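J.: just to be clear, the model below is a prediction. Sequence and coordinates:
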Amino acid sequence: NAGVTQTPKFRVLKTGQSMTLLCAQDMNHEYMYWYRQDPGMGLRLIHYSVGEGTTAKGEVPDGYNVSRLKKQNFLLGLESAAPSQTSVYFCASGYPDRGKGTEAFFGQGTRLTVV
Amino acid sequence: KQEVTQIPAALSVPEGENLVLNCSFTDSAIYNLQWFRQDPGKGLTSLLLIQSSQREQTSGRLNASLDKSSGRSTLYIAASQPGDSATYLCAVLGDYKLSFGAGTTVTVRA
């Protein structure tokens, strides 16, 4: 059971470049989340999805887009990377069949540096 | 907007001492509360999940309590060990969103 898998694990981008981070889960979870973690700021929610084909904005959505075309995948896109987007990105999934008494699981993170 | 606060921000104790970590949240309309552990440079590992109808949950040396009406949870770690050194995060599940505190960084001195 792989759980939540994030690809890639590390990436260095130049300012203005674009990229897509992939999150895949094999637990049939309805909800998926993208967070960023910065020193002293904790985990901040970027976007989330409550089911296939749905997405919604979190606390810090600007500069990011997401898509959930398949239930098991949640993609985070950076259209034009900026140094302020240097961070560690975490994906999480949880709550099969919208059962909110179950726990959320996290991927191992993607360390992104924008130069 | 849900605000989650963790106190203290950092804690250093000698080995063998019990640890008490606090988490408070402003909106009591939650579905569950989850405690995580994060080691430096690593992802989040789930420690305990407390559903909104529960008062506490236990796993080995870990015990977490939940007082939903007052918006508080406490994580107790008994007989701390150097391997318990990590950052501990609490998160509450509201309507759709999982909201996190900033964490408590624990150092257990041998």
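T.: Arrived safely.
J.: distance check, the residue of chain B most remote from its centre against chain A.
T.: Residue farthest from the centre of chain B, counting by C-alpha atoms, centre = their mean, is residue B:110 at 22.6 Å. Separation of residue B:110 from chain A (C-beta to the nearest C-beta, to the nearest Å): 26 Å. Bear in mind the C-beta positions are built from the backbone N, C-alpha and C, glycine included.
J.: run a quick neighbour tally on the nearest residue to that residue once chain neighbours are set aside.
T.: Leaving aside its chain neighbours, residue B:110 sits nearest to residue B:82 (5.0 Å; criterion: C-beta to C-beta, 6 or more residues apart in numbering or on different chains). Neighbours of residue B:82 under the rule other C-beta atoms under 10 Å in any protein chain shown: 10.
J.: residue A:55 too?
T.: 18.
J.: the helix or strand of chain B with the lowest mean pLDDT pairs with which strands?
T.: When the helices and strands of chain B are compared on mean pLDDT, DSSP states H and E, strand B:98-100 comes out lowest with a mean of 91. Applying DSSP bridges to the sheet, strand B:98-100 is found paired with strand B:86-93 (antiparallel).
J.: so how far is the partner strand from its chain's centroid?
T.: 5 Å (C-alpha atoms, centre = their mean, to the nearest Å).
J.: stretch A:106-115 too?
T.: 10 Å.
J.: list the buried ones in the host helix or strand of residue A:5?
T.: Assigned by DSSP states H and E, residue A:5 falls within strand A:4-7. For strand A:4-7, burial by neighbour count (16 or more other C-beta atoms under 10 Å in any protein chain shown) applies to A:4, A:6.
J.: swap in stretch B:102-110?
T.: By neighbour count with 16+ other C-beta under 10 Å, stretch B:102-110 contains the buried residues B:102-106, B:108.
J.: could you do stretch B:76-92 as well?
T.: Under the neighbour-count criterion of 16+ other C-beta under 10 Å, stretch B:76-92 has B:77, B:80, B:84-92 buried.
J.: quick check, nearest of these to residue A:61?
T.: residue B:91 (19.2 Å; C-beta to C-beta).
J.: flag every residue of chain A that's near chain B.
T.: Listed as neighbours of chain B in chain A under the rule C-beta under 8 Å from any C-beta of the partner chain: A:31, A:33, A:35, A:40-43, A:45, A:48, A:50, A:56, A:58, A:90, A:92, A:94-95, A:100-109.
J.: restricted to buried residues, select those residues in PyMOL.
T.: Buried residues among the residues of chain A next to chain B (16+ other C-beta under 10 Å), as a PyMOL selection:
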select buried, chain A and resi 31+33+35+42+43+45+48+50+58+90+92+94+95+100+102+103+104+105+106+107+108+109
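J.: show me the residues of chain A next to chain B that map onto strands.
T.: Of those, the ones assigned to strands by DSSP state E are A:31, A:33, A:35, A:42-43, A:45, A:48, A:56, A:90, A:92, A:94-95, A:104-106.
J.: what two of these are the furthest from one another?
T.: The span of those, defined through C-beta to C-beta, is set by A:42 and A:95 at 21.7 Å.
J.: ok, residue B:54 - contacts?
T.: residue B:66 (C-beta atoms under 8 Å, 6 or more residues apart in numbering or on different chains).
J.: that concludes my questions; thank you for your assistance.
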